[in-house]
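> What follows is a predicted structure for the sequence shown.
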Amino acid sequence: MDTDGIDLHRIPREPYTDGSFHGVEFLPEDFRDVPNESTMRVNEKYSTLPAEDQGIHIINIRAIEDIGYVRTESTLLNSFSQDPDANCKYGLYFRDGKRKVDYILVYHYKKSSFSRTLTRRIHFNDLGSRNVRQDQPLPGKGGEINMEEGELHMDYHEDDKRVRREEYESNLMQAGLELERDEDTKIHGLGFVKIHAPWNVLCREAEFMKLKMPTKKVYQIHQPHGLLKKINSVIQKITEPIQPKVAEHKHQTVKRLSYPFSREKQHLFDLSDKDSFFDSKTRSTIVYEILKRTTCTKAKYSMGKGEGRKKETTLLNKRRKCDKYGITSLLANGVYSAAYPLHDGDYEGEHAEPNDRKLLCEEWASYGVFYKYQPIDLVRKYFGEKIGLYFAWLGVYTQMLIPASVVGIIVFLYGCATMDENIPSMEMCDQRNNITMCPLCDSTCSYWKLSSACATARASHLFDNPATVFFSVFMALWAATFMEHWKRKQMRLNYRWDLTGFEEEEDHPRAEYEAKVLEKSLKKEYKNKEKGQQLAEEAANKWRQRVKRVMAGVKLTEKEKLTWKDRFPAYFTNFVSIIFMIGLTFAIVFGVIIYRISTAAALAISSSPGGRSNVRVTVTATAVIINLVVIIILDEVYGCIARWLTQIEVPKTDKSFEERLIFKAFLLKFVNAYTPIFYVAFFKGRFVGRPGDYVYIFHSFRMEECAPGGCLMELCIQLSIIMLGKQLIQNNLFEIGIPKMKKLIRKLKQQRPGDHEEHMKKKQRYEVDYNLEPFAGLTPEYMEMIIQFGFVTLFVASFPLAPLFALLNNIIEIRLDAKKFVTELRRPVAVRAKDIGIWYNILRGVGKLAVIINAFVISFTSDFIPRLVYLYMYSESGTMHGFVNHTLSYFNVSDFQAGTAPKDTSELGYPVQICRYKDYRDPPWSENKYDIAKDFWAVLAARLAFVIVFQNLVMFMSDFVDWIIPDIPKDISQQIHKEKVLMVEVFMKEEQGKLQLLETWRDKEKRKGENCNNHSPRPSMSHRGSVSSCHSCHVDV
């Protein structure tokens, strides 16, 4: 009874409704005597409440007038206390302040204007904290709503979603979960369903999922002895300032033995504190598993009258996506707008209580701790193994970049130190040589002196010197060492995180796959019906029976599956689309080439002397910027296209979907990022022709040439600008700016003017988390790092500073990603994983490809091989003197084609008869003038030989490193073996204890039996008396 004398403990089965009050259901005067046929019961097996309180739950009273009318639309909902926000710690707990919120479901709802007015008139505090008995009907499943048609404004789709929600939530309760609804929120039009998993549900699901939990058994971790112990202690003291101040990161000397949880063996586990035995990450994972497998196939739909088969077909189409697995399809259909676990609390503010989120923000997600190690164990505890492995991999990769950066800096400094000793560049800069070069373009360009390219030649030596060959070999071995180091680190994490025996089970089929299979089965049945394989009487009602069977939850897809024939149109679309996208990338690069050629020709006829002198720099810089903008735009486009192409394939499981998506996205983004670089490295200047016989595009644009010092300097410029630009703009600015912009837009949409009281009210935890950006997976994070790994390894021969820039970027990237996960994103569902999946294979593939590409860069792009050939075959003095002259061929200006000779020949101040160009060709005075010389074939043979030797040698060395370093550290393999032995001992002791207990019981039984015989009252007692006496003794025992 409340203060007005209204009994809220019983709610009638059929509410009184009036057409003029849409959305509000009224109660009859007599609350107690109304029959209750359809009830919402509590499964006593999963109830965690005392026996006297079982059946008492919390429901939401959305509209109450002073006379006590109650709207029963919600399934399970809030009671209101004097200070509910303080009791529930602002949304982290149910209204009772005891049951923790493990998961949140969010949905949109609509209220009529009268319903909203009525809701504002409620005085929630007058209701106290009384609960309402849970034996009322599921609202929406009671009597039909009889309203006049003119006054009925309910949206059919909204009603359909509401019925689905009620049915789904009822099924969740039957699975043992406890729910509480909240629609009195600051965010208008949003309702929140809070989910709590009681202890027995957690135990049941942990056993089903085979979760390894720590037992009472504690054992000593193997510690190094002697010299290794001293070295480790010194390292710990040195690195102590850079260790995060979290308990999980401290060096552990003991470890609890872990074992898959079993309700029959609960005595093995430390259950002294049941509230903390399953942490928040594990609880949310368990609830998510229940949400995924809970069905919603029995909802009742109001189809109207005379709708016929068309409506039934529409209904069947709506049921397809909800046929087998609930939450994913319900989110896809808009029944729920979001589903997520809650963060542990606030991460900033004076009054924020200590929690793991706040600790992560202080010791991990802050730029001020960039020099510290990551608290990986705490990251895993809060976000799960999959995200923990990503940040662990990123940390290992960043650490391994330190030696690569140091060696790259040394190589660069070696180039700087030997710049003045480089004979070829000194010869190019020597104006006394007076080498006249042929024009760079037709007609408008004039002759020029080789000494004008002195700066380019000197800069090229910074990256084109003998040390770059050593650095290429070093980076190939570095990549192999990095992969092996990560495998060992991964095994250590698997041991620490109790994943050594974990095997991924087959995922549930995706809702889209089930819908496609169902569609196939229906089409097949319809074709059979058309062929007359069914009787006429059965055919008349077959479609209606099929709809009813689907709604009843009958599995129609058990015998059907999608074959390659079903997927062939999707495969063909994928193939054509990918080819088209790759062709589009090539076309854009080709367009940039046309831009470079036309711009160079335009600048060559410029009246400004500065413009003419800086043609090459201007063209290169602007072309690279255009390439960068195009790459960033196409990256976003290709990501969306790859997702769409994967969706039309309809993969069966989420894992298959993710792997196919990763493969397509990586292929498209790899081609997009590296095509301009491949052009400069391997194609530019290769198909130019010669003076008098140049190669033209569209009969008007002459193919561009490399600089006199080679294309390696331009390749370095291209690589550095694209790499740094992608990291700065795409990886950092986009990651910071886009989530903040989306968050701001979401806040602006949710603001309602005029409700000052509601505006001042502090938001609940689930309201704050709803405003955060949804977690979109780790694919974008891995993708940007893999592309960066390609920049570091594939063309490292042309840019030794690439590892340094990658290191600086990753130091910021780790803290940026950490801040994003902790402060900008909703808390993701923890996913168990023992490795990084397909990304490891992609890394290995990039590492192998890097060896081949670096071999070709050194051999064909740089002048390393021509210099060696000249030094050992053609040099008369055994030095590099004369190398530049050896690489330049002669051309007689009288052999120019008509209209291609320079118009202005007086720029140099003297007449030109012979000009030079870079190639190995016979001079004009030879018998076969301008034919390819023998020197060209000698250099080509040396280049190909170098590629073969370099590739095989480095591959062999990489495989040797892979073989010599064991995948599993020796101490970890010993600890894993020790765990197995200890577990066997635990079970053997348990069995021995059981046997001893049984033997003790038998001995007592035997002694009691003997005592019964020895203490008989009279030897002459009847047989019946003896038996009775012994029986009494047995009962006593």
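Done, it's in.
> Downstream of the lowest-mean-pLDDT helix or strand in the chain, the next helix or strand is which one?
Within the chain, no helix or strand scores below strand 132-133, which has a mean of 34 by mean pLDDT, DSSP states H and E. Downstream of strand 132-133, the next assigned helix or strand under DSSP states H and E is helix 156-174.
> tell me what that next one is packed against?
Judged by 3 or more Cβ pairs under 8 Å, 6 or more residues apart in numbering; DSSP states H and E, helix 156-174 is in contact with strand 178-182, strand 190-196, helix 326-333. (Each C-beta comes from the backbone N, C-alpha and C, glycine too.)
> Show me which residues of the longest one are buried.
In other words, helix 326-333. Within helix 326-333, the residues that count as buried by 16 or more other Cβ atoms under 10 Å are 326, 327, 328, 329, 330, 331, 333.
> Now render these as CSV, adding distance to residue 204 and pLDDT.
Below are the buried residues of helix 326-333 laid out as CSV (distance: Cβ to Cβ, whole Å; pLDDT from 0 to 100):
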residue, distance to residue 204, pLDDT
326, 18, 73
327, 19, 85
328, 22, 83
329, 24, 81
330, 23, 85
331, 25, 85
333, 29, 80
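> closest to residue 174 among these?
Closest approach to residue 174 among the buried residues of helix 326-333 (Cβ to Cβ): residue 326, at 12.5 Å.
> Excluding residues flanking it in the chain, which one is nearest the closest one?
Spatial nearest neighbour of residue 326, excluding adjacent residues (Cβ to Cβ, 6 or more residues apart in numbering): residue 294 at 4.6 Å.
> Distance-wise, check the residue most central in space within the chain relative to residue 390.
Nearest to the geometric centre of the chain sits residue 778, at 1.4 Å (Cα atoms, centre = their mean). As defined by Cβ to Cβ, to the nearest Å, residue 778 lies at a distance of 5 Å from residue 390.
> and the next element down the chain from the lengthiest strand in the chain?
Ranked by residue count and defined by DSSP state E, the top strand of the chain is strand 212-220. Note on strand 212-220: by DSSP H and E, the next helix or strand toward the C-terminus is helix 227-239.
> gap between that following helix and the chain center?
Its chain's C-alpha centre and that of helix 227-239 lie 36 Å apart, by Cα atoms, centre = their mean, to the nearest Å.
> Run through the neighbouring helices and strands of the lengthiest helix in the chain.
Across the chain, the longest stretch assigned as helix under DSSP state H is helix 970-1014. In terms of contacts (3+ Cβ pairs under 8 Å, 6+ apart), helix 970-1014 is packed against strand 212-220, strand 254-260, helix 466-496, helix 1023-1036.
> Following the chain onward from the third one, which element is next?
Okay, so that is helix 466-496. Heading C-terminal from helix 466-496, the first helix or strand you meet, by DSSP H and E, is helix 511-530.
> for the shortest one, same thing?
Downstream of strand 254-260, the next assigned helix or strand under DSSP H and E is helix 274-277.
> got a list of contacts for that next one?
Residues outside helix 274-277 that contact it (Cβ atoms under 8 Å, 6 or more residues apart in numbering) are 100, 199, 213, 269, 270, 271.
> Show me which residues of it are buried.
Quick answer for helix 274-277 (16+ other Cβ under 10 Å): residue 277.
> Next secondary structure after it?
Scanning forward in sequence from helix 274-277 by DSSP H and E, the next helix or strand is helix 280-293.
> Can you name every helix or strand that that following helix contacts?
Under the contact definition 3+ Cβ pairs under 8 Å, 6+ apart, helix 280-293 sits against strand 103-108, helix 199-209, helix 326-333, helix 376-383.
> Among these, which comes closest to residue 438?
helix 376-383 (60.7 Å).
> Contacts made by that closest one with the rest, please.
Helix 376-383 is contacted by residues 244, 246, 248-249, 279-281, 344, 356-357, 359-360, 363-364, 387-388, 391-392, 395, 493, 496-497, 821, 827-828, 830 when judged by Cβ under 8 Å, 6+ apart.
> Could you check how far that helix is from the centre of its chain?
Between the centre of helix 376-383 and the centre of its chain there are 16 Å (Cα atoms, centre = their mean).
> just checking, next helix/strand downstream of that helix?
Criterion used, DSSP H and E; the element after helix 376-383 is helix 385-417.
> In that next one, which residues are buried?
385-398, 400-401, 404-405, 407-408, 411-412, 414-415.
> now swap in stretch 448-462 and tell me
By 16+ other Cβ under 10 Å, the buried positions in stretch 448-462 come out as 448, 450, 451, 453, 454, 456, 457, 458, 459, 460, 461, 462.
> ok, the closest residue to residue 511 other than its chain neighbours to residue 510 distance?
Excluding the flanking residues, the one nearest residue 511 by Cβ to Cβ, 6+ apart is residue 329, at 3.8 Å. Going from residue 329 to residue 510 by Cβ to Cβ gives 9 Å.
> same for whatever helix or strand residue 664 lives in, what does it pack against?
According to DSSP H and E, residue 664 maps onto helix 654-678. Contacts defined by 3+ Cβ pairs under 8 Å, 6+ apart place helix 654-678 against helix 564-604, helix 615-649, helix 712-725, helix 779-793, helix 838-856.
> now it, how far from the centre of its chain.
Its chain's C-alpha centre and that of helix 654-678 lie 14 Å apart, by Cα atoms, centre = their mean.
> Identify each buried residue in that helix, please.
656-662, 664-666, 668-678.
> The helix or strand just after that helix - what's its average pLDDT?
Sequence order places strand 689-690 as the next helix or strand after helix 654-678, per DSSP H and E. In this model, strand 689-690 carries a mean pLDDT of 84.
> who does strand 689-690 pair up with?
Partners of strand 689-690 in the sheet, by DSSP bridges, are strand 693-694 (antiparallel).
> So which residues of the stretch 751-900 of the chain form strands?
For the stretch 751-900 of the chain, the strands defined by DSSP state E, counting those that start in this stretch cover 888-892.
> Give me the below-cutoff pLDDT ranges for the stretch 51-200 of the chain.
Residues of the stretch 51-200 of the chain that meet the criterion pLDDT under 70 lie in 51-90, 111-155.
> How about the stretch 701-850 of the chain?
In the stretch 701-850 of the chain, residues with pLDDT under 70: 709, 731, 746-747, 749-762.
> 50 - rerun?
Where the stretch 701-850 of the chain drops to pLDDT under 50, the residues are 754-760.
> Residue 642 touches residue 658, doesn't it?
No. Counting by Cβ atoms under 8 Å, residue 642 stays clear of residue 658, with 11.6 Å between them.
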